[in-house]
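S.K.: fold the stuff below for me.
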Amino acid sequence: MSEIIQSFSVELLGQIFDWLEDEDLHSVSSVCKYWFRVVNSYLLKPKKSLILRPEITNYEVPNPLIQLSVIGFPPEQFKELEDFCTDLSRLDICYENNLGYSLNEIALGELLKFCKNLKVLSFKNVVLSNIIIDTIFQHCFNRLNSLTFDCFKIPTELLEEMLVKSYFSEFKLIVRPSNIQKNLYATYPFRGEVFYRLDFPKYITSVVIECTGLSNSAFKALCYCSKLQALELMSAFNLEDDSLKLFTNLPILRKVTFTDVRYVTADGWRSIFTCKKLSRVVIIRCFGLSDRVFEDASAASHRLDLDLQDCKRVTGSGLLSVVRLAKRLTLSLDYSSTMINHLVKAVTGGLAPQLRCLNIVVQRLRATSSTVSNDLVKAKRELRFFTEHHDIHFNFKELFTALELYQRPGSV
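M.R.: So this is what the prediction gives:
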């Protein structure tokens, strides 16, 4: 495998990597030194960006340096970058320690002192403390537009102090249990009610929150963000109908994403799908969705950019309504001949004249099933033929959850 990877030219890898997001580029840069050089030299130099890892000692810093990502990089070596940080607008500090990395506040402060134009700052797997927060306040807080914390422990009192003093427009908070200590979030709970006491909702336009312990009352507090345009709630176990209905009252909210919602009923989802202000809705592994919800929503004139993943209770008849509801549709579903037939019927039967983009991901349980293969080949052919003649962007992917490749006795 290594010989095959090494045989790929820099240009070929560069064209492949060019399709990836920045976060994915960080991952592929750690595969091998060759890929690391490709990411930094072929892709990141034109963007004036740099990824630093401790195992790579020979690196070239672009000038001007606009975006810097340090992944597991020793803070004591930050001093080497000070001369290049004058034009730095984005800084990502990431460590791979499952229990959190204790960042050196002196080294961080020295680096931030030279970041005169810093607008975006993010931390991942960093242990937050009063000293670290004070260091950020001192050197760059009044200049930030976006702040991201992806950590295992977020002390509520620090978060409150931080947000009260800020004027940034984008806020991302991810509080996760570590991979080793599954119940760490229970030991260090984040009390979402702190949002009620803050002034930051006056300025914020984008919120991303992942926190398993966040209560429904905390979600309600986000409804005071009058300038909110994009909302993404992951691991939103405790979200309920009343909060969803309040979100639809936000004057300029356009995009919403909900993941792992358990207690919202059909009534709550119906308020989201029929909200005329919303242009994009993403639903992933959420309960409470049913055929009737989409039937009611599709009866309205409003059409959405819709992304549905793992919606188990939506059947073939509900899928017809889903297609009618969407102008751009991304659909992930487990293989079912009935679902596939309804999907083809809904698209090719003229039920969705407004549809302009269709992305389908089908999860197959057995890779060797000839019946499944024939069904999908036929469906893909019919959908592709229809979309090509109706100016619809079309993409069809298959995923295998259990690959069973074997050779029967006596077969060739």
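
S.K.: where does the stretch 201-350 of the chain dip in pLDDT?
M.R.: 201-203, 213 (pLDDT under 70).

S.K.: strands along that one, start to end?
M.R.: Applying DSSP state E, counting those that start in this stretch to the stretch 201-350 of the chain gives strands spanning 206-211, 230-234, 255-259, 280-284, 304-309, 326-334.

S.K.: ok, and what's touching the fourth one?
M.R.: Looking back up the chat, that one is strand 280-284. 232, 254-260, 269, 272-273, 289, 304-311 (CB atoms under 8 Å, 6 or more residues apart in numbering). In this view, the C-beta of every residue, glycine as well, is placed from N, C-alpha and C.

S.K.: residue contacts, Val61?
M.R.: So Val61 contacts 50, 81, 84 (CB under 8 Å, 6+ apart).

S.K.: with Leu319 instead?
M.R.: Neighbours of Leu319 in contact, by CB under 8 Å, 6+ apart: 339, 342-343, 346.

S.K.: with Asp307 instead?
M.R.: 280-284, 329-331.

S.K.: and with 10 Å instead?
M.R.: Residues near Asp307 by CB atoms under 10 Å, 6 or more residues apart in numbering: 257, 280-284, 326, 328-332, 359.

S.K.: got a markdown table for those residues, with distance to His393 too?
M.R.: As requested, those are exported to a markdown table (distance: CB to CB, whole Å):
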| residue | distance to His393 |
| --- | --- |
| Thr257 | 21 |
| Arg280 | 16 |
| Val281 | 19 |
| Val282 | 18 |
| Ile283 | 21 |
| Ile284 | 22 |
| Ala326 | 13 |
| Arg328 | 8 |
| Leu329 | 11 |
| Thr330 | 11 |
| Leu331 | 14 |
| Ser332 | 17 |
| Asn359 | 8 |
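
S.K.: thinking again about what came up before, the contacts of Val61 in strands, which ones?
M.R.: Judged by DSSP state E, the subset of the contacts of Val61 located in strands is Leu50.

S.K.: output the longest helix belonging to this structure.
M.R.: Taking DSSP state H as the criterion, the chain has its longest helix at helix 370-388.

S.K.: chain center to that helix: distance?
M.R.: Computed by CA atoms, centre = their mean, to the nearest Å, the chain-centroid distance of helix 370-388 equals 30 Å.

S.K.: what mean pLDDT does that helix get?
M.R.: For helix 370-388, mean pLDDT rounds to 84.

S.K.: outside of that helix, which residues touch it?
M.R.: Here helix 370-388 makes contact (CB under 10 Å, 6+ apart) with 335-337, 339-341, 343-345, 347-350, 355-358, 360, 362, 364-367, 369, 392-398.
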